[in-house]
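[1] predicted coordinates and the sequence they were generated for:
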Amino acid sequence: MKSHLEEFQKEHAEIKEAIKNVKDKGISTREGRNFLFSMKNMLIEHLKSEDKNLYPVLKQAGLKDKHIRETMELFIKDMDTVLEKVEDFFEKYSADSTGFDFARSFGGLCALLADRINREENILYQEYLSSLKKINEES
């Protein structure tokens, strides 16, 4: 189960690197936009994988630990919002998109993802490890 956490952290690094590449290439360039839209599936699959592999452990531990349950519920609600915003961005824009609104939306998407990644790695993953420990102790 810890391997899921390692995989998520690896994917976070890949997402951060991909966003950096888009910024380096320039969101106003065709190359930058193409690179951004090539990472759509990676982002969505990562979010869904966390939902499938991370939250069940937290839900189980949350049955007996109010703090874990409350933290998990907050992150689940936030995950739904993040996934919706990512999907909305890619539905609204295409690799041919340009202009101020597109650039502003991309900036918002970057900030949203950076914030989520930081909070997951600093809060949620610690709760996950704690939950695994509690589950293993009970077994």
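    Right, received. Where do you want to start?
[2] low-confidence ranges, this structure, go.
    1-2, 139 (pLDDT under 70).
[3] geometric centre of it: which residue is closest?
    residue 47 (5.0 Å; CA atoms, centre = their mean).
[4] list the buried residues of the helix or strand encompassing it.
    For residue 47, the host element (DSSP states H and E) is helix 40-53. Using 16 or more other CB atoms under 10 Å as the burial criterion, the residues of helix 40-53 that qualify are 43, 46, 47, 50, 53. Every C-beta, even on glycine, is put in place using the N, C-alpha and C of the backbone.
[5] got these as TSV, with distance to residue 64 columns?
    Shown next, in TSV, are these (distance: CB to CB, whole Å):
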residue	distance to residue 64
43	33
46	29
47	27
50	22
53	20
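[6] now residue 81: how far from residue 10?
    According to CB to CB, to the nearest Å, residue 81 and residue 10 sit 24 Å apart.
[7] which one is the residue nearest to the centre of the chain nearest to, not counting chain neighbours?
    residue 83 (4.9 Å; CB to CB, 6 or more residues apart in numbering).
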